[in-house]
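Q: can you look at this prediction? I've put the sequence above it.
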Amino acid sequence: MDAFGPGDMPDWISSLLNFAASVTGVSVFASVLNSGGLGETTGMQNPSLKLLLMLGLGYVLNVARKVVLWAYRRFSFQYYITAQFQEGDPTYEWLVLLLTNEKVWKKSKDFRVTSKTSQMKWSIGLSTTTSAVKEDDDENAEYVPTYSAPQIWRWNGYWIEVTRNVMPRTPMDGYYGGSPNPHGTGSSLYLTIYTFDMQVLSKLVETARKKYFEVSRPYIIIHTIDTLQPNYGPVLSWNNVKRKNRRPLESIILTEGVIDSIIQDAREFIDMEEWYMDAGIPHRRGYLLHGPPGTGKSSTIFAIAGELGMEIYSLSLAANFVDDSVLARAATSIPKNSIFLIEDIDCAFPSREDESPTDPNIMSPYGMYTRPRIPGTRSAVTLSGLLNVLDGVGSEEGKLFFATTNYIDHLDAALLRPGRIDMKVEYHLSNKDQAAALFRRFYPAKHIKLTDTYPSPRIGTVPLIDHPIPAPAPRDAEVPDLDEKRATVAERIGRMADSFAEKIPEGQFSTAELQGYLLGYKKEPVHAVESIAPWIEREQAQREEKRRREESKRAKAKEKSKEMLAQAGLAMYSAAASSGMVMPPMPPAVVAETAGDVDAVAGLGGKHWPSPALEKEGEITLEE
Ligand SMILES: Nc1ncnc2c1ncn2[C@@H]1O[C@H](COP(=O)(O)OP(=O)(O)OP(=O)(O)O)[C@@H](O)[C@H]1O
């Protein structure tokens, strides 16, 4: 938000003054001419005297106009304050929500209509404005006022005028320096508050902020950078805002105490701001969550954000528009008490896959298949650029920095040192306890009927569960009350969960994979238990098959590169042989390739290469 000066008189007032001045001037001039000149009444017939008098009148009028303007400026200096709210800045979101709540746009006639998404739009219900549209009809579409016409509203006894300006979005139009918008993108809201009290603006912003956090409490707000809207200013605009339902901490299945320790650490950090300042230590804290894909790293961060009531500013270093400068600008524009998230931070650095031929079925260090790295997605961010951001001013002010990676080994030690990364948390593939917990979470007693726990109707056989399931109550028997019935379901689900977990080999499957499997049996816990063993067998067989294919491809690629290297070396040494040049010892790959190769040796003058004598000398002179 930018507050701007009071000297900027609205155009209509200055036009009015100019008009008044010119009308008065013209009418005086006309009356002088019409009356046949001042001489008639005053006895002054001298034309030059007349001219002098007219000039004097003009001067007086001009001075009068300036006095009015000056008085207006003095008066308006105290009577109104104006402020600009820039899209992409958090205050913009706060204000738009307040305006929506206050129904400021009720009389708006211009709307942008889009289908409902998780994108934050602060839409309004059309049904409140148009009687022809029923309430239910608002459910599938969002009606966002375009705010093009100025609106006046009364807040806490003050008159406030609101206008919105859409800024140019092309690089040429929005280039910083030429643009009225310092962020160079999106739109701005302008407020004019008619008051003498300068505090009103801060009170309004604080009210808007509180309302925003109250409304967004059930959600996690995630800010990203929309590349379709170019950012050209020194401050980067986080112009894409999404919201997700808040995720309870209990829904994250990790080794006991892991998530609590992160929360406790973060809370302590937030509460100790003063201590950090007194000790002269930058008030920031870095966390690295590392481990195989699908083990809950991102989910943990979302749950923590919800628990701490912080918003997430997420940046992918793999995005092609992100370089050191973008990263630095993005970090600077993150507000206090937020989470700065960089997912897959390893992509800023060389990886082993990048050095070997890319294969879509690349095997990860965890013995499972991971997402292939798409060629050309290596980030333009350098290690020093990243370290600068972590150390720099932009990373201070109560920000929590979270990074995730599947490859901690790819990270430079400089990045991992305390002060940059203060806490490392390792994630693992699922163990039996996690598998059982996941199963229980999938089939909560309140959503499962007793009949869902009966032998599977799909197969029609007695379920292959190790623990015997209590026989279902006879239909005519007295029906137990609801609570008791639920307890029975919970007990049955508990036993099935143990049975399910027993079949899961530890450290082979991610929680996301098991979740994917269970999604196939949403209402069929019995069937999920019955089918898990064959599923595991199938998965393991597929992995083994992929591993073999991968190995054979690698072996072939290695063979091929050895061959190419040897051929190139051979060609080089043959050329040298024919020109009688002195060469360094032949590389081992070429030696291995040419050993026993009669044709190749023949090409080098009938000698095996290198001859022991020359090898000793360290250099080779070719003989005829
Ligand atoms: N430990 C877990 N507890 C609960 N749900 C989990 C867990 N691990 C994974 N999931 C589920 O699996 C899906 C993917 O999880 P998430 O994105 O958090 O994994 P990740 O470790 O961040 O993966 P990646 O490294 O690929 O980004 C989510 O739907 C999440 O609900």
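A: Right, received. Where do you want to start?

Q: going by C-alpha atoms from here, please, whenever you check contacts or count neighbours.
A: Noted.

Q: helices of the stretch 351-500 of the chain, start to end?
A: Remark: helices assigned in the stretch 351-500 of the chain by DSSP state H, counting those that start in this stretch are 352-355, 383-391, 413-416, 432-442, 482-502.

Q: closest one to residue 279 among those helices?
A: Of all the helices of the stretch 351-500 of the chain, helix 383-391 sits nearest to residue 279, with 16.5 Å by CA to CA.

Q: ok, back up a step: mean pLDDT added to the helices of the stretch 351-500 of the chain, as a markdown table?
A: Output for those, formatted as a markdown table (pLDDT from 0 to 100):
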| stretch | mean pLDDT |
| --- | --- |
| helix 352-355 | 43 |
| helix 383-391 | 87 |
| helix 413-416 | 89 |
| helix 432-442 | 93 |
| helix 482-502 | 77 |
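
Q: most tightly surrounded among those?
A: Comparing the helices of the stretch 351-500 of the chain by mean neighbour count (mean count of other CA atoms under 10 Å), helix 432-442 comes out on top with a mean of 21.

Q: any idea of the angle that helix forms with helix 482-502?
A: 140 degrees (axes from the mean of the first three to the mean of the last three CA atoms, to 10 degrees).

Q: so how far is residue 522 from residue 542?
A: 24 Å (CA to CA, to the nearest Å).

Q: can you check residue 154 too?
A: In terms of CA to CA, residue 154 sits 52 Å off from residue 522.

Q: now swap in residue 265 and tell me
A: Distance from residue 265 to residue 522, by CA to CA: 36 Å.

Q: residues of the stretch 451-600 of the chain that sit close to the ligand?
A: Taking CA under 6 Å from any ligand atom as the measure of proximity, the stretch 451-600 of the chain contacts the ligand at 511-512.

Q: then the chain?
A: Close to the ligand, as judged by CA under 6 Å from any ligand atom, the chain has residues 251-254, 292-299, 406, 511-512.

Q: and these, which are buried?
A: Buried members of the residues of the chain next to the ligand, counted by 16 or more other CA atoms under 10 Å: 252-254, 292-299, 406, 511-512.

Q: please flag which of these sit within helices.
A: 297-299, 511-512 (DSSP state H).

Q: turn these into TSV, including pLDDT.
A: Formatted as TSV, these follow (pLDDT from 0 to 100):
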residue	pLDDT
297	95
298	94
299	94
511	95
512	95
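
Q: returning to that earlier point: among the helices of the stretch 351-500 of the chain, which is nearest residue 242?
A: helix 383-391 (24.5 Å).

Q: how big is the angle separating the longest helix belonging to the chain from helix 482-502?
A: Using DSSP H to define each element, the chain has its longest helix at helix 525-579. Helix 525-579 and helix 482-502 are oriented at 30 degrees to each other (the same axes, to 10 degrees).

Q: who are the packing partners of helix 525-579?
A: helix 482-502, strand 582-583, helix 588-594 (3 or more CA pairs under 8 Å, 6 or more residues apart in numbering; DSSP states H and E).

Q: can you count the residues close to residue 64?
A: A count of nearby residues for residue 64, using other CA atoms under 10 Å, gives 13.

Q: separation between it and the ligand?
A: 70 Å (CA to the nearest ligand atom, to the nearest Å).

Q: which SSE is that residue in?
A: If you go by DSSP states H and E, residue 64 is part of helix 47-79.

Q: so for that helix, what's the average pLDDT?
A: Throughout helix 47-79, pLDDT has a mean value of 81.

Q: sheet-wise, list the partners of the helix or strand that comes right after that helix with their directions.
A: Next in sequence after helix 47-79, counting helices and strands by DSSP H and E, comes strand 80-86. Taking DSSP bridges as the criterion, strand 80-86 forms sheet pairs with strand 2-4 (antiparallel), strand 187-194 (antiparallel).

Q: out of those, which is the most enclosed?
A: Counting by mean count of other CA under 10 Å, strand 187-194 has the highest mean neighbour count of those, with a mean of 20.

Q: just the angle between it and helix 47-79, please?
A: Using the same axes, to 10 degrees: strand 187-194 against helix 47-79 is 100 degrees.

Q: show residues contacting strand 187-194.
A: 79-87, 92, 158-167, 201 (CA atoms under 8 Å, 6 or more residues apart in numbering).

Q: same thing but 7 Å
A: 79-87, 158-167 (CA atoms under 7 Å, 6 or more residues apart in numbering).

Q: try stretch 274-291
A: With CA under 7 Å, 6+ apart, stretch 274-291 has contacts from 273, 297, 395-406, 408, 420-428.

Q: just the terminal-to-terminal distance for it.
A: Distance across stretch 274-291, first residue to last, is 34 Å (CA to CA).

Q: rewinding a little: and the contacts of strand 187-194, which are buried?
A: 79-87, 160-165, 167.

Q: out of those residues, which is nearest to residue 552?
A: When these are compared against residue 552 (criterion: CA to CA), the nearest one is residue 87, at 53.7 Å.

Q: just the pLDDT for that closest one.
A: 77.

Q: ramachandran angles for it?
A: phi -60, psi 140 (degrees, to the nearest 10).

Q: for the ligand, see how far away it is.
A: 29 Å.

Q: go on, residue 156?
A: From residue 156 across to the ligand, the span is 44 Å (CA to the nearest ligand atom).

Q: what's the burial count for that residue?
A: By other CA under 10 Å, neighbour count at residue 156 equals 8.

Q: which ones are touching residue 323?
A: 380-381.

Q: who does it bridge with?
A: residue 380.

Q: pull the contacting residues for the residue in the stretch 401-550 of the chain that the ligand sits nearest to.
A: The stretch 401-550 of the chain approaches the ligand most closely through residue 512 (3.5 Å), counting by CA to the nearest ligand atom. By CA under 7 Å, 6+ apart, residue 512 lies in contact with 294-295.

Q: one more time with 6 Å, if that's ok
A: The contact partners of residue 512, by CA atoms under 6 Å, 6 or more residues apart in numbering, come to residue 294.

Q: relative to residue 342, how far out is it?
A: Residue 512 is 21 Å from residue 342, by CA to CA.

Q: many thanks, I have nothing further to ask.
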